[in-house]
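Q: A structural model of the following input is requested.
(2 chains)
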Number of protein chains: 2
Amino acid sequence: MESERKVNMAAGPLETILNPSSIALAGASNNMNKMGTIQMLNLIDSGFPGEIMPVHPSEREVLGKKAYPSITDLPFAPDLAILVVPTALVPDMLEDFGRLGTRHAIVITAGFKETGEQGRGLERRIIEIAHTYGIRFLGPNCLGIVNTHLPLNVTVAPILGYGGGLSLASQSGTYIAQTVHFLRRNGIVLGKAISVGNEADIDITDCLEYLGHDDRTKAIGMYIEGIRDAGRFLRVARRVSGKKPIVAQYVGGTEAGARSGSSHTGAIAGPDYIYDGLFEQAGIIRVGTIEEVYRVGWALATQPPLKGPRIAVLTNSGGPGSGIATTCNAAGLEVPEFSDSVQEQVSKYIPGHASARNPVDLTFHIDMKALTVKIPEVLFSADEIDGVIIHGIMDTGFMDLLYPSVSKHLEVSREDFLAFGEITLDELASMPHTHGKPLLISSFFDESDHCVRLFHKSSIPTFDSPEKAAKAMWALYKHCLIRQRGTSTPDKRTRGMIPARAKEIVSSRSRTGMDEYSAKQLLKAYGIPTTEEYLAPSCEEAVKAACRLGFPVAVKACSPTISHKTEHGLVFLDVDDEDAVSRAFDAIRSYDPDTPVLVSEMLKGKREFMAGVSYHPGFPPCVMFGLGGIFAEAHRDFAIRLAPLSREDAREMIDSLRARPLLGHYRNMEEVDMDTLENILVRLGDIALDFPGIKEIDLNPVIIVSGVPKVADSLMIIP
Amino acid sequence: MESERKVNMAAGPLETILNPSSIALAGASNNMNKMGTIQMLNLIDSGFPGEIMPVHPSEREVLGKKAYPSITDLPFAPDLAILVVPTALVPDMLEDFGRLGTRHAIVITAGFKETGEQGRGLERRIIEIAHTYGIRFLGPNCLGIVNTHLPLNVTVAPILGYGGGLSLASQSGTYIAQTVHFLRRNGIVLGKAISVGNEADIDITDCLEYLGHDDRTKAIGMYIEGIRDAGRFLRVARRVSGKKPIVAQYVGGTEAGARSGSSHTGAIAGPDYIYDGLFEQAGIIRVGTIEEVYRVGWALATQPPLKGPRIAVLTNSGGPGSGIATTCNAAGLEVPEFSDSVQEQVSKYIPGHASARNPVDLTFHIDMKALTVKIPEVLFSADEIDGVIIHGIMDTGFMDLLYPSVSKHLEVSREDFLAFGEITLDELASMPHTHGKPLLISSFFDESDHCVRLFHKSSIPTFDSPEKAAKAMWALYKHCLIRQRGTSTPDKRTRGMIPARAKEIVSSRSRTGMDEYSAKQLLKAYGIPTTEEYLAPSCEEAVKAACRLGFPVAVKACSPTISHKTEHGLVFLDVDDEDAVSRAFDAIRSYDPDTPVLVSEMLKGKREFMAGVSYHPGFPPCVMFGLGGIFAEAHRDFAIRLAPLSREDAREMIDSLRARPLLGHYRNMEEVDMDTLENILVRLGDIALDFPGIKEIDLNPVIIVSGVPKVADSLMIIP
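A: Residues are numbered from 1 along each chain as shown, chains lettered A, B, ... in the order given. All right, here's what the predicted structure looks like:
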């Protein structure tokens, strides 16, 4: 056991919390109705190989373990302290542990930040104590941890399976402790699981980082109500997801979801679309249900990586075959018609009227040997196939359904009848690893079917309806794409220096803020193409500028203090001769004699986009790109990425627009210069990071002129 | 029993097929490895109250029933004949039954249309025989029927539950016969289930109609690979869905799904978007998985209708509460913060640090009485709540998890320990019906938990993850909206006469087809607003027309034989003086001296839509409406409805566009005249039905001019 427990200090406090040599637990008694008692019971019965020391004011023994009346009575400082005591007792007890020399804790007790002002004060207090003594802790308001690799379990439910490759980090304790029955039924075995609670100290990002380093964790599942420091989360997740799949559910993106999360763990949620952007950028596979976190996570943890999109579907029935095929297709996977050679090989094993095209449908005339060995062998061996989904393998589950009727006509015991029907799956179970291709199973039976038991034993994911297997295969494909891209986030060094000209522009801005001209100058300093334009101090200069630019031009009031310029008649577009320029200039000056006047080229292009930076609590500046022009709000076709952006981030966000075809060779228009467009988005993020004083950046419209995106109008606010 | 079996002749052949007095089955023997034998076994053991007569060439008894060597040897004509014999024998045997006087059959045998040319011939042959003898039949290539109300079962799996309100019509036999284990585990009990196979005679629409009339069917689930006569399906479904919920999965909308369906039952599939339109118009609740057909169907079959969108969520845990709340919200349901009065009542029953806002979160400190009686009573009684979802009710499932550990410290048998934990749910189970509000349950336990067993017994739907319960509540809400709308489809009478002028235009069209001018005249005859325009026989007339219309105008070649007019330089837009009109006229005539020239007003409006009619095999003409202009293909924002359209259909398709806000009071533009827009879509469908010779109708763009949609360009093809 010792070898399993060696502590890797480099991996931080979670290494000790998940692998302590000794634990003191306060809050357990011999009363079986107490939560602390149940947790202590599970701790003892988990098989934890270290020392367990209950702290109890009056009992001499708790659940058979010698109890200590107070923390100061403990014989030595335990590696880990666990508190399941009334809220008011937590600060003093934590302090006692600190004095004793304990440096790691789990505060299970609730009643802190999530309950309001008083609770927030109490939470601040325990953070201070932890700082004073150098204690790192999980919680408060959490359900503890499970480490089936050690093993160790301090939750309210027992461990039902040991040594799995799927580990969890969750902002809900229920999802690490109250779903064990569901997981066991579905053959899913957890590795490590961490309930983070209010994240007063250790947060979900720390857990992600830890699990990313953990060799026995093959895939990571997450339940998220809100991320506190999204920038750090992104950097960590991006490093991890390049090697190890991460699947996550985010529930804070609606009004009711956000309200619920706030009462639950005091989480601060954000709109769904920024989490969509964050997850995409971080390489996190987003799912909509906790069931998918588990099931998809289990597929990712157990199966060889999918290397391409081509899926073979093998069934004993047309319905499930069609359901799998259509779900795969709709999710971007291919279910290609097999080559003649593969069809020929498959045909040997199927009835004459059945289809060998893909899906392969054996129809109800089941030859289990064909379904479990012969055809799978053909499919796994075929170069044209990257992954396999099979529906319809069953033995005793089906036999058992028939037994009551059959037994009236055959003299056979249930045991003999079922034993007669049992098949072996050794060959099939070895195929994924032999051929390096994933296998997913769909079956309407549960563990009462011997085949399902065998699949569970072999860690072959088994889904209780066909479309779920297809959805999990989609996740494997998504991870394939994530692995293929870079894992690094640009940092300060790769971003380069702040252009001197940019600093100049920002520091010399007028007392009232940035005007359109200065904003565009700043963009230009970052290499972002904008309209050519001049500030005209006089009518004469305005006319000269217009002549230099060529007609038509735009003539606009240029002042950060005038809002709604268009509504005030201070924007003149398509001004097409010298007289008209003069009239426009005069009109603007008669509204406000001090207003600078901007004369710009008129950009001509039918395709209008918009870019900008949006700001959300807990997030670094977020670069936004989407369809622009006057219909933008109606289309709501945009994507978000967190600054700093890599080139790849920019490309991916561009590619994610529904209106992406508009950027191509659309209706004989020029293909858009992607290099320039990507650069605009990357540099926009850099501007936001270089000048944190900026509170709003809005480039709308960005017009495509002969294939080149150019900023036609720009708004920047620096208070 | 007799009363259950009385045959309602008005309900058609399915009434007899599902409620026969006598059945002859050919294809069963005493060999337990034969499919026919298994089906006969299940027929006998289902409790079928009528006579069963096996037909077998050599056995004197089959499964204990007297067997007849041939059909001609049967003592009388059975109500229903079932064939599970080799394909080649089917025609003669069907004929024998016909001669004997049997008028209803189920042909389970496969090997017909789905296998290619020879099979198609054989299928035509059995259709002829059926016509000759007046036989109505299900199949071929099906798995039979289940009627748990009679009871009667001729499938390969036994009935595991009797008398449920969810009935199925399925193009996959598996989904009525091979999912019984899944259904039992989830407490779902079927009523009637029909596998339609190749639909050579009775089709899935007949089944829908039958189940619509069936009093014991409370909700209908469907699995669909392709609908043969979508117009009839729509009329039937629309009538049924106004009273009884229908939930359906359609799998033919992708390339692989269509290929799979075609090998399976020879179904002809159509693109996903026309089925989306069909289902919406028909009032069918579309789901993406067979699991949802069952689970959502069960919720619809058992719970009182939801009367509004306001859902209360009650949990013992924040995670599931947040998952339910956010899934409800995202699906369009409300999870409103409770009024002070409701919060006050709820607060009495929850711990101090728990939330009473909605979701109500009891946290882990569970008081089962609060979770199952006291708080539910408050929520069901509250006028501000329309439906309730509860997560976290459990007893023996959880106790059993604890027992191994607890039993080391308490002397108690497992039975006593579990019995001690058992709670009652009588009060909760009665609340939905007492208060007329639906209740859905989420639990991670299965039937090994006594509470789950009680919920199953009380027909309270229980979902094995929180988001699924929320999704089912969405379906109840969707049915609420469907019930609120009209159920009638317009028929010939409500559509009115074909305008005389329209007939004239169509019959007097040139030999080469409809030109733009005639097409617009036809639209005008149906009251669809278009550009004002004139056909100019001479340059002089063109100029006169332009002056009459007011400048600028459009000048176009107007001939059905010239395609790509724009590319050939035969369309002149924004022509803004008399000279320019002359030049345009001359340019067109120099290209082709015989081409008529059209002079039209130029419509001015920023908002462009498109409308049209698209044609799909098996479908009546489909009216299409969507975002228009040059970016239409990139946006792909459109909706489809089958002609004839009601006003409501038109309104719903308009409302379903993502860009719907553009039709409102968008950015100070005029709100669009919805009456006119609806009328355009309704009348477009009428045109397509009135003139079936038309093969294409394309109105693009439809420009919004001062709030009125007007057709700027129109293409119609009549070969």
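Q: and A:L535, that one's in a strand?
A: Yes: counting by DSSP: H, G, I helix; E, B strand; the rest coil, A:L535 falls inside a strand.
Q: Do I have it right that it meets A:L598?
A: Yes: shown here, A:L535 and A:L598 form a contact pair, counting by C-beta atoms under 8 Å, at 5.9 Å. Using the backbone N, CA and C atoms, a C-beta is placed for each residue, glycine as well.
Q: So the two - more neighbours on which side?
A: A:L598 (25 against 17; other C-beta atoms under 10 Å in any protein chain shown).
Q: I'd like the secondary structure assignment at that one, please.
A: Using three-state DSSP, the structure places A:L598 in strand.
Q: give me the element A:S260 is part of.
A: Using DSSP states H and E, the element containing A:S260 is helix A:255-265.
Q: Dump the C-alpha coordinates for the lengthiest helix in chain A into CSV.
A: In chain A, assigned by DSSP state H, the helix with the most residues is helix A:466-484. Taking C-alpha atoms only, helix A:466-484 is exported to CSV below (Å, rounded to 0.1, in the frame of the first residue of the first chain):
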residue,chain,number,x,y,z
PRO,A,466,-29.0,3.7,-28.9
GLU,A,467,-28.7,7.5,-29.3
LYS,A,468,-26.7,7.8,-26.1
ALA,A,469,-24.0,5.6,-27.5
ALA,A,470,-23.9,7.8,-30.6
LYS,A,471,-23.7,10.9,-28.5
ALA,A,472,-20.7,9.5,-26.6
MET,A,473,-19.0,8.7,-29.8
TRP,A,474,-19.5,12.3,-30.8
ALA,A,475,-17.6,13.2,-27.6
LEU,A,476,-14.8,10.9,-28.5
TYR,A,477,-14.6,12.6,-31.9
LYS,A,478,-14.6,16.0,-30.3
HIS,A,479,-11.7,15.0,-28.1
CYS,A,480,-9.9,13.8,-31.3
LEU,A,481,-10.3,17.3,-32.7
ILE,A,482,-9.2,18.9,-29.5
ARG,A,483,-6.0,16.7,-29.3
GLN,A,484,-5.1,17.8,-32.8
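Q: Which neighbours do A:L535 and A:L598 have in common?
A: Residues touching both A:L535 and A:L598 (C-beta atoms under 8 Å, 6 or more residues apart in numbering or on different chains) are A:Y517, A:C558.
Q: So which residues of the stretch 351-500 of chain A form strands?
A: Taking DSSP state E, counting those that start in this stretch, the strands of the stretch 351-500 of chain A run over residues A:360-361, A:387-391, A:439-442, A:462-463.
Q: neighbouring strands for the longest one, and are they parallel or not?
A: This means strand A:387-391. Here strand A:387-391 has these sheet partners by DSSP bridges: strand A:311-315 (parallel), strand A:439-442 (parallel).
Q: Now A:D574: which helix or strand?
A: Using DSSP H and E, A:D574 sits within strand A:571-575.
Q: pLDDT averaged over the longest strand seen in chain A, what's the number?
A: Determined from DSSP state E, the single longest strand within chain A is strand A:696-705. Strand A:696-705 carries an average pLDDT of 95.
Q: so what strands line up beside that strand?
A: strand A:608-614 (antiparallel), strand A:708-711 (antiparallel), strand A:714-717 (antiparallel).
Q: Make JSON lines out of these and add distance to B:L43 and mean neighbour count.
A: Below are those laid out as JSON lines (distance: least, C-beta to C-beta, whole Å; neighbours: other C-beta atoms under 10 Å in any protein chain shown):
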{"stretch": "strand A:608-614", "distance to B:L43": "65", "mean neighbour count": "22"}
{"stretch": "strand A:708-711", "distance to B:L43": "70", "mean neighbour count": "22"}
{"stretch": "strand A:714-717", "distance to B:L43": "76", "mean neighbour count": "20"}
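Q: would you turn those into TSV with mean pLDDT?
A: Listed next are these as TSV, based on pLDDT from 0 to 100:
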stretch	mean pLDDT
strand A:608-614	96
strand A:708-711	97
strand A:714-717	92
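Q: what's around A:T132, how many residues?
A: For A:T132, the neighbour count with other C-beta under 10 Å is 12.
Q: who in the stretch 401-550 of chain A is up against chain B?
A: Counting by C-beta under 8 Å from any C-beta of the partner chain, the stretch 401-550 of chain A comes close to chain B at A:401-402, A:404-406, A:408-410, A:444-446, A:448-449, A:464-468.
Q: what ranges do the strands span in the stretch 201-350 of chain A?
A: Taking DSSP E, counting those that start in this stretch, the strands of the stretch 201-350 of chain A run over residues A:219-224, A:246-250, A:285-286, A:311-315.
Q: The stretch 51-200 of chain A now?
A: Along the stretch 51-200 of chain A, counting by DSSP E, counting those that start in this stretch, strands occupy A:51-55, A:61-62, A:65-66, A:80-83, A:104-107, A:136-138, A:145-147, A:152-153, A:166-170, A:190-195.
Q: of all these, which lies closest to B:Y133?
A: Across those, B:Y133 has its closest neighbour in strand A:166-170 (60.6 Å, C-beta to C-beta).
Q: Within the sheet, what are the partner strands of the closest one, with directions?
A: Its sheet considered, strand A:166-170 pairs with strand A:190-195 (parallel), strand A:219-224 (parallel) by DSSP bridges.
Q: Mean neighbour count added to these, as CSV?
A: CSV is the format used below for the strands paired with strand A:166-170 (neighbours: other C-beta atoms under 10 Å in any protein chain shown):
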stretch, mean neighbour count
strand A:190-195, 28
strand A:219-224, 28
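Q: With distance to A:I703 as extra columns, can I get those strands in JSON lines?
A: Shown next, in JSON lines, are the strands paired with strand A:166-170 (distance: least, C-beta to C-beta, whole Å):
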{"stretch": "strand A:190-195", "distance to A:I703": "50"}
{"stretch": "strand A:219-224", "distance to A:I703": "38"}
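Q: Any chance of JSON lines for these, columns mean pLDDT?
A: JSON lines is the format used below for the strands paired with strand A:166-170 (pLDDT from 0 to 100):
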{"stretch": "strand A:190-195", "mean pLDDT": "98"}
{"stretch": "strand A:219-224", "mean pLDDT": "98"}
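Q: Indicate which one of these is closest to A:A545.
A: Proximity to A:A545 (C-beta to C-beta) singles out strand A:219-224 among the strands paired with strand A:166-170, at 52.8 Å.
Q: chain center to that closest one, what's the gap?
A: Between the centre of strand A:219-224 and the centre of its chain there are 8 Å (C-alpha atoms, centre = their mean, to the nearest Å).
Q: Kindly report the same for stretch A:136-151.
A: The chain centroid and the centroid of stretch A:136-151 are separated by 22 Å under C-alpha atoms, centre = their mean.
Q: what do you get for stretch A:55-67?
A: Stretch A:55-67 sits 43 Å away from the centroid of its parent chain (C-alpha atoms, centre = their mean).
Q: what's the answer for stretch A:422-434, then?
A: With C-alpha atoms, centre = their mean as the basis, stretch A:422-434 stands 33 Å off its chain's centre.
Q: which residue does the stretch 101-250 of chain A bring closest to chain B?
A: A:S172 (2.5 Å; C-beta to the nearest C-beta).
Q: Relative to A:G221, how far out is that residue?
A: If you measure A:S172 against A:G221 using C-beta to C-beta, to the nearest Å, the figure is 12 Å.
Q: Which residue does the stretch 301-450 of chain A have closest to chain B?
A: When scored by C-beta to the nearest C-beta, the stretch 301-450 of chain A has A:G319 as its residue closest to chain B, at 2.5 Å.
Q: my guess is that residue meets B:H264, correct?
A: Yes: if you go by C-beta under 8 Å, A:G319 and B:H264 touch, sitting 7.4 Å apart.
Q: For these two, list the residues in contact with both.
A: With C-beta under 8 Å, 6+ apart, A:G319 and B:H264 have common neighbours B:Q171, B:S172.
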